[in-house]
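**Q** What follows is a protein structure lacking sequence information:
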(Lines give C-alpha, C1' and ligand atoms only; values in the text may rest on other atoms or scores of the structure.)
Protein backbone atom coordinates (compact mmCIF):
# COMPACT_ATOMS: atom_id res chain seq x y z
CA UNK A 1 0.00 0.00 0.00
CA UNK A 2 2.82 2.34 0.92
CA UNK A 3 4.51 1.45 -2.34
CA UNK A 4 1.37 2.35 -4.31
CA UNK A 5 1.04 5.62 -2.43
CA UNK A 6 4.65 6.53 -3.24
CA UNK A 7 4.07 5.80 -6.91
CA UNK A 8 0.99 8.06 -6.92
CA UNK A 9 2.94 10.89 -5.27
CA UNK A 10 5.77 10.61 -7.80
CA UNK A 11 3.32 10.53 -10.72
CA UNK A 12 1.51 13.62 -9.48
CA UNK A 13 4.79 15.45 -9.07
CA UNK A 14 5.80 14.59 -12.61
CA UNK A 15 2.49 15.89 -13.93
CA UNK A 16 2.88 19.16 -12.04
CA UNK A 17 6.48 19.53 -13.24
CA UNK A 18 5.45 18.88 -16.84
CA UNK A 19 2.61 21.40 -16.57
CA UNK A 20 4.98 24.01 -15.15
CA UNK A 21 7.48 23.26 -17.87
CA UNK A 22 4.82 23.67 -20.52
CA UNK A 23 3.70 26.95 -18.94
CA UNK A 24 7.29 28.19 -18.87
CA UNK A 25 7.78 27.22 -22.51
CA UNK A 26 4.55 29.00 -23.41
CA UNK A 27 5.63 32.10 -21.48
CA UNK A 28 9.04 32.03 -23.13
CA UNK A 29 7.40 31.78 -26.54
CA UNK A 30 5.13 34.72 -25.69
CA UNK A 31 8.09 36.74 -24.45
CA UNK A 32 10.03 36.03 -27.65
CA UNK A 33 7.03 37.02 -29.75
CA UNK A 34 6.60 40.25 -27.80
CA UNK A 35 10.31 40.98 -28.08
CA UNK A 36 10.24 40.31 -31.82
CA UNK A 37 7.23 42.59 -32.23
CA UNK A 38 8.94 45.29 -30.18
CA UNK A 39 12.10 45.08 -32.27
CA UNK A 40 10.02 45.29 -35.45
CA UNK A 41 8.08 48.25 -34.05
CA UNK A 42 11.30 50.00 -33.02
CA UNK A 43 12.80 49.37 -36.45
CA UNK A 44 9.67 50.69 -38.15
CA UNK A 45 9.69 53.80 -35.97
CA UNK A 46 13.37 54.36 -36.72
CA UNK A 47 12.83 53.96 -40.46
CA UNK A 48 9.92 56.40 -40.30
CA UNK A 49 12.03 58.84 -38.35
CA UNK A 50 14.89 58.44 -40.82
CA UNK A 51 12.51 59.40 -43.64
CA UNK A 52 11.96 62.86 -42.15
CA UNK A 53 14.44 65.07 -43.95
CA UNK A 54 15.05 68.79 -43.35
CA UNK A 55 16.25 70.58 -46.48
CA UNK A 56 17.70 74.08 -46.20
CA UNK A 57 16.97 76.53 -49.02
CA UNK A 58 17.31 80.30 -49.44
CA UNK A 59 13.95 81.97 -50.04
CA UNK A 60 11.06 80.10 -51.64
CA UNK A 61 11.33 77.36 -54.26
CA UNK A 62 8.56 75.90 -56.40
CA UNK A 63 10.99 73.19 -57.46
CA UNK A 64 11.49 71.99 -53.89
CA UNK A 65 7.77 72.28 -53.22
CA UNK A 66 7.29 69.81 -56.07
CA UNK A 67 10.01 67.47 -54.77
CA UNK A 68 8.45 67.57 -51.30
CA UNK A 69 5.07 66.54 -52.74
CA UNK A 70 6.55 63.70 -54.81
CA UNK A 71 8.66 62.45 -51.89
CA UNK A 72 5.57 62.30 -49.66
CA UNK A 73 4.07 59.75 -52.05
CA UNK A 74 6.98 57.45 -51.15
CA UNK A 75 6.72 58.04 -47.41
CA UNK A 76 9.57 60.56 -47.28
CA UNK A 77 8.63 63.61 -45.23
CA UNK A 78 10.60 66.64 -46.42
CA UNK A 79 10.56 69.78 -44.29
CA UNK A 80 11.78 72.85 -46.18
CA UNK A 81 13.74 75.20 -43.94
CA UNK A 82 13.97 78.67 -45.47
CA UNK A 83 16.96 80.91 -44.76
CA UNK A 84 17.25 84.60 -45.61
CA UNK A 85 21.04 84.65 -45.91
CA UNK A 86 23.53 82.58 -47.88
CA UNK A 87 25.83 82.38 -44.86
CA UNK A 88 23.42 80.26 -42.77
CA UNK A 89 22.50 76.96 -44.55
CA UNK A 90 26.01 75.47 -44.48
CA UNK A 91 26.45 76.27 -40.80
CA UNK A 92 23.06 74.69 -40.04
CA UNK A 93 23.95 71.57 -42.02
CA UNK A 94 27.33 71.18 -40.38
CA UNK A 95 25.72 71.51 -36.92
CA UNK A 96 23.09 68.88 -37.75
CA UNK A 97 20.15 71.29 -37.59
CA UNK A 98 19.17 70.30 -41.14
CA UNK A 99 19.92 67.18 -43.22
CA UNK A 100 20.53 68.63 -46.70
CA UNK A 101 20.80 72.02 -48.30
CA UNK A 102 20.36 73.28 -51.85
CA UNK A 103 21.33 76.87 -52.59
CA UNK A 104 24.98 77.08 -53.67
CA UNK A 105 27.45 76.23 -56.37
CA UNK A 106 30.58 74.12 -55.93
CA UNK A 107 32.95 77.08 -55.72
CA UNK A 108 30.98 78.70 -52.89
CA UNK A 109 30.79 75.37 -51.05
CA UNK A 110 34.52 74.74 -51.36
CA UNK A 111 35.28 78.26 -50.16
CA UNK A 112 33.16 77.83 -47.03
CA UNK A 113 34.66 74.41 -46.31
CA UNK A 114 38.17 75.81 -46.59
CA UNK A 115 37.50 78.92 -44.51
CA UNK A 116 35.17 77.48 -41.87
CA UNK A 117 36.09 73.80 -41.75
CA UNK A 118 32.61 72.47 -42.54
CA UNK A 119 32.38 68.67 -42.98
CA UNK A 120 29.84 68.69 -45.82
CA UNK A 121 29.92 67.39 -49.41
CA UNK A 122 27.84 67.53 -52.61
CA UNK A 123 25.66 64.53 -53.46
CA UNK A 124 24.03 65.71 -56.68
CA UNK A 125 23.95 68.54 -59.22
CA UNK A 126 20.99 70.84 -59.77
CA UNK A 127 21.30 73.75 -62.22
CA UNK A 128 23.78 76.27 -63.48
CA UNK A 129 22.63 79.73 -64.39
CA UNK A 130 24.38 82.89 -65.50
CA UNK A 131 25.47 85.78 -63.38
CA UNK A 132 24.51 89.05 -65.01
CA UNK A 133 24.89 92.79 -64.55
CA UNK A 134 21.87 95.06 -64.16
CA UNK A 135 21.24 98.78 -63.89
CA UNK A 136 18.43 101.20 -63.15
CA UNK A 137 20.56 104.14 -64.26
CA UNK A 138 21.85 103.19 -67.71
CA UNK A 139 20.38 101.29 -70.67
CA UNK A 140 23.56 99.74 -72.07
CA UNK A 141 27.16 98.98 -71.12
CA UNK A 142 28.29 101.66 -73.57
CA UNK A 143 26.69 104.35 -71.39
CA UNK A 144 28.98 103.47 -68.47
CA UNK A 145 31.40 106.35 -67.75
CA UNK A 146 34.94 106.20 -66.44
CA UNK A 147 34.92 106.21 -62.65
CA UNK A 148 31.34 104.89 -62.34
CA UNK A 149 30.56 102.45 -59.54
CA UNK A 150 30.13 98.71 -60.03
CA UNK A 151 28.90 96.49 -57.19
CA UNK A 152 29.88 92.81 -57.10
CA UNK A 153 29.32 90.01 -54.54
CA UNK A 154 31.75 90.07 -51.62
CA UNK A 155 32.46 86.33 -51.38
CA UNK A 156 35.59 85.34 -53.28
CA UNK A 157 34.04 82.83 -55.67
CA UNK A 158 31.13 84.98 -56.87
CA UNK A 159 33.35 88.05 -56.96
CA UNK A 160 35.76 86.15 -59.18
CA UNK A 161 32.99 85.05 -61.49
CA UNK A 162 31.76 88.64 -61.82
CA UNK A 163 35.26 89.93 -62.52
CA UNK A 164 35.58 87.41 -65.35
CA UNK A 165 32.27 88.70 -66.75
CA UNK A 166 33.50 92.31 -66.56
CA UNK A 167 36.62 91.19 -68.43
CA UNK A 168 34.48 89.43 -71.04
CA UNK A 169 32.54 92.64 -71.81
CA UNK A 170 35.69 94.77 -71.90
CA UNK A 171 35.38 96.83 -68.73
CA UNK A 172 38.49 95.49 -66.96
CA UNK A 173 41.33 93.08 -67.71
CA UNK A 174 41.83 89.77 -65.85
CA UNK A 175 45.06 87.77 -66.26
CA UNK A 176 44.56 84.49 -68.14
CA UNK A 177 46.19 82.50 -65.35
CA UNK A 178 43.70 83.80 -62.75
CA UNK A 179 41.29 80.99 -63.63
CA UNK A 180 37.76 80.95 -62.23
CA UNK A 181 38.51 83.02 -59.14
CA UNK A 182 40.41 86.24 -59.83
CA UNK A 183 40.45 88.92 -57.13
CA UNK A 184 40.43 92.71 -57.24
CA UNK A 185 44.20 92.60 -56.69
CA UNK A 186 44.63 90.67 -59.94
CA UNK A 187 42.79 92.98 -62.31
CA UNK A 188 43.75 95.94 -64.46
CA UNK A 189 41.22 98.76 -64.17
CA UNK A 190 42.26 101.40 -66.76
CA UNK A 191 38.90 103.22 -66.55
CA UNK A 192 39.13 103.59 -62.79
CA UNK A 193 35.75 102.08 -62.00
CA UNK A 194 34.88 102.03 -58.30
CA UNK A 195 34.35 98.32 -57.73
CA UNK A 196 32.64 97.65 -54.39
CA UNK A 197 31.90 94.29 -52.75
CA UNK A 198 28.48 93.84 -51.12
CA UNK A 199 27.04 91.05 -48.99
CA UNK A 200 24.63 88.89 -50.99
CA UNK A 201 21.77 89.77 -48.63
CA UNK A 202 22.16 93.51 -49.34
CA UNK A 203 23.43 93.62 -52.89
CA UNK A 204 19.96 94.18 -54.44
CA UNK A 205 19.67 97.50 -52.58
CA UNK A 206 22.63 98.85 -54.53
CA UNK A 207 20.53 99.02 -57.71
CA UNK A 208 19.06 102.35 -56.58
CA UNK A 209 22.46 103.84 -55.77
CA UNK A 210 25.07 102.81 -58.35
CA UNK A 211 25.45 102.38 -62.10
CA UNK A 212 26.00 98.60 -62.35
CA UNK A 213 25.22 95.64 -60.05
CA UNK A 214 26.00 91.94 -60.53
CA UNK A 215 23.15 89.60 -59.57
CA UNK A 216 22.19 85.96 -59.90
CA UNK A 217 18.86 85.21 -61.53
CA UNK A 218 17.11 84.59 -58.21
CA UNK A 219 18.37 87.87 -56.80
CA UNK A 220 17.26 89.68 -59.93
CA UNK A 221 13.77 88.19 -59.65
CA UNK A 222 13.58 89.22 -55.99
CA UNK A 223 14.48 92.76 -57.06
CA UNK A 224 11.59 92.84 -59.52
CA UNK A 225 13.78 92.38 -62.59
CA UNK A 226 13.39 89.82 -65.35
CA UNK A 227 16.49 87.63 -65.31
CA UNK A 228 18.52 88.00 -68.50
CA UNK A 229 15.87 90.08 -70.35
CA UNK A 230 16.59 93.09 -68.13
CA UNK A 231 20.33 92.46 -67.84
CA UNK A 232 22.98 94.37 -69.73
CA UNK A 233 25.33 91.36 -70.02
CA UNK A 234 25.64 87.80 -68.71
CA UNK A 235 28.30 85.09 -68.67
CA UNK A 236 26.59 81.91 -69.84
CA UNK A 237 24.91 81.63 -73.23
CA UNK A 238 24.21 77.90 -73.69
CA UNK A 239 24.70 74.45 -72.21
CA UNK A 240 27.70 74.08 -74.53
CA UNK A 241 29.52 76.62 -72.36
CA UNK A 242 29.40 74.29 -69.34
CA UNK A 243 32.59 72.31 -68.73
CA UNK A 244 32.76 69.36 -66.30
CA UNK A 245 35.08 71.29 -63.99
CA UNK A 246 32.86 74.38 -63.93
CA UNK A 247 32.72 75.39 -60.25
CA UNK A 248 29.48 77.32 -60.67
CA UNK A 249 27.30 74.24 -60.96
CA UNK A 250 24.78 74.28 -58.12
CA UNK A 251 24.60 71.24 -55.87
CA UNK A 252 22.60 69.43 -53.18
CA UNK A 253 24.79 68.98 -50.11
CA UNK A 254 24.86 66.52 -47.17
CA UNK A 255 27.07 66.00 -44.14
CA UNK A 256 30.30 64.08 -44.54
CA UNK A 257 29.67 60.35 -44.10
CA UNK A 258 26.01 60.61 -45.17
CA UNK A 259 26.61 61.05 -48.89
CA UNK A 260 25.29 57.56 -49.71
CA UNK A 261 22.17 57.70 -47.55
CA UNK A 262 19.59 55.98 -49.80
CA UNK A 263 16.83 58.39 -48.83
CA UNK A 264 19.01 61.39 -49.68
CA UNK A 265 19.94 59.76 -52.99
CA UNK A 266 16.27 59.25 -53.76
CA UNK A 267 15.58 62.93 -53.05
CA UNK A 268 18.31 63.84 -55.56
CA UNK A 269 16.65 61.57 -58.14
CA UNK A 270 13.29 63.23 -57.54
CA UNK A 271 14.86 66.64 -58.01
CA UNK A 272 16.66 65.70 -61.22
CA UNK A 273 13.45 65.43 -63.23
CA UNK A 274 11.83 66.96 -66.28
CA UNK A 275 9.11 68.54 -64.15
CA UNK A 276 11.69 70.39 -62.05
CA UNK A 277 13.30 71.67 -65.27
CA UNK A 278 9.92 73.02 -66.41
CA UNK A 279 9.32 74.75 -63.10
CA UNK A 280 12.80 76.27 -63.01
CA UNK A 281 12.62 77.55 -66.57
CA UNK A 282 9.30 79.27 -65.88
CA UNK A 283 11.12 81.43 -63.36
CA UNK A 284 14.50 81.60 -65.10
CA UNK A 285 14.37 80.88 -68.86
CA UNK A 286 18.16 80.96 -69.28
CA UNK A 287 19.24 78.24 -66.88
CA UNK A 288 20.56 74.77 -67.57
CA UNK A 289 20.15 71.42 -65.77
CA UNK A 290 23.58 70.20 -64.72
CA UNK A 291 22.95 66.61 -63.67
CA UNK A 292 25.39 64.31 -65.39
CA UNK A 293 27.95 67.08 -65.97
CA UNK A 294 31.08 66.13 -64.05
CA UNK A 295 28.91 64.39 -61.46
CA UNK A 296 31.03 61.87 -59.49
CA UNK A 297 29.00 61.62 -56.33
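**A** Happy to help now that I have it. In this text, all values refer to a predicted model and were calculated from it rather than measured experimentally.
**Q** can you map out the helices along the stretch 151-297 of the chain?
**A** Counting by DSSP state H, counting those that start in this stretch, the stretch 151-297 of the chain has helices at residues 156-168, 217-222, 262-271, 274-283.
**Q** now the strands for the stretch 151-297 of the chain?
**A** For the stretch 151-297 of the chain, strands defined by DSSP state E, counting those that start in this stretch occupy the ranges 194-198, 212-216, 233-234, 250-255, 288-289.
**Q** For residue 169, find the nearest of these.
**A** Minimum separation from residue 169 across those (C-beta to C-beta) falls at strand 233-234, 4.7 Å. Just so you know, the C-beta spots here come from the backbone N, C-alpha and C atoms, and that holds for glycine as well.
**Q** So what touches stretch 223-240?
**A** Contact partners of stretch 223-240, identified using C-beta atoms under 8 Å, 6 or more residues apart in numbering, comprise 128-135, 138, 140-141, 161, 164-165, 168-169, 204, 207, 212, 215, 217-218, 220-221, 242, 283-286, 288.
**Q** Just the terminal-to-terminal distance for it.
**A** 29 Å (C-alpha to C-alpha, to the nearest Å).
**Q** Same question for stretch 233-249.
**A** Across stretch 233-249, first to last residue, C-alpha to C-alpha, it's 19 Å.
**Q** what are the bridge partners for the closest residue in space to residue 210 that isn't next to it in sequence, then?
**A** Counting by C-beta to C-beta, 6 or more residues apart in numbering, residue 149 is the residue found nearest to residue 210 once chain neighbours are left out, at 4.0 Å. Note on residue 149: beta-bridge partners residue 194, judged by DSSP bridges.
**Q** low pLDDT regions in the stretch 1-150 of the chain?
**A** Low-confidence segments of the stretch 1-150 of the chain (pLDDT under 70): 1-50.
**Q** Find me the pLDDT at residue 243, would you?
**A** Predicted confidence (pLDDT) for residue 243: 85.
**Q** What's the separation between it and residue 66?
**A** 29 Å (C-beta to C-beta, to the nearest Å).
**Q** quick one: which of those two has more around it?
**A** residue 66 (17 against 10; other C-beta atoms under 10 Å).
**Q** where along the stretch 1-150 of the chain do the helices fall?
**A** Counting by DSSP H, counting those that start in this stretch, the helices of the stretch 1-150 of the chain are 2-50, 62-72, 89-95, 106-116.
**Q** Pull the contacting residues for residue 163.
**A** Applying C-beta under 8 Å, 6+ apart, the residues near residue 163 are 152, 172, 174, 182-184, 186-187.
**Q** Widest-spaced pair of these?
**A** Farthest pair in those (C-beta to C-beta) is 152 and 186. Separation: 13.4 Å.
**Q** Neighbours of residue 156, how many?
**A** So residue 156, with other C-beta under 10 Å, has 17 neighbours.
**Q** got a list of what it touches?
**A** 111, 181, 183.
**Q** and the gap between it and residue 112?
**A** Residue 156 is 10 Å from residue 112, by C-beta to C-beta.
**Q** which residues are common contacts for these two?
**A** Joint contacts of residue 156 and residue 112 (C-beta under 8 Å, 6+ apart) do not exist.
**Q** wouldn't residue 119 be in contact with residue 96 here?
**A** No. Residue 119 lies out of contact with residue 96 (C-beta atoms under 8 Å); the separation is 10.5 Å.
**Q** joint contacts of these two?
**A** The contact sets of residue 119 and residue 96 overlap at residue 255 (C-beta under 8 Å, 6+ apart).
**Q** Next, the buried residues of stretch 133-147.
**A** By neighbour count on 16 or more other C-beta atoms under 10 Å, the buried set for stretch 133-147 is 133-135, 144.
**Q** In CSV: the residues you listed, plus distance to residue 71.
**A** Output for the buried residues of stretch 133-147, formatted as CSV (distance: C-beta to C-beta, whole Å):
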residue, distance to residue 71
133, 37
134, 35
135, 41
144, 47
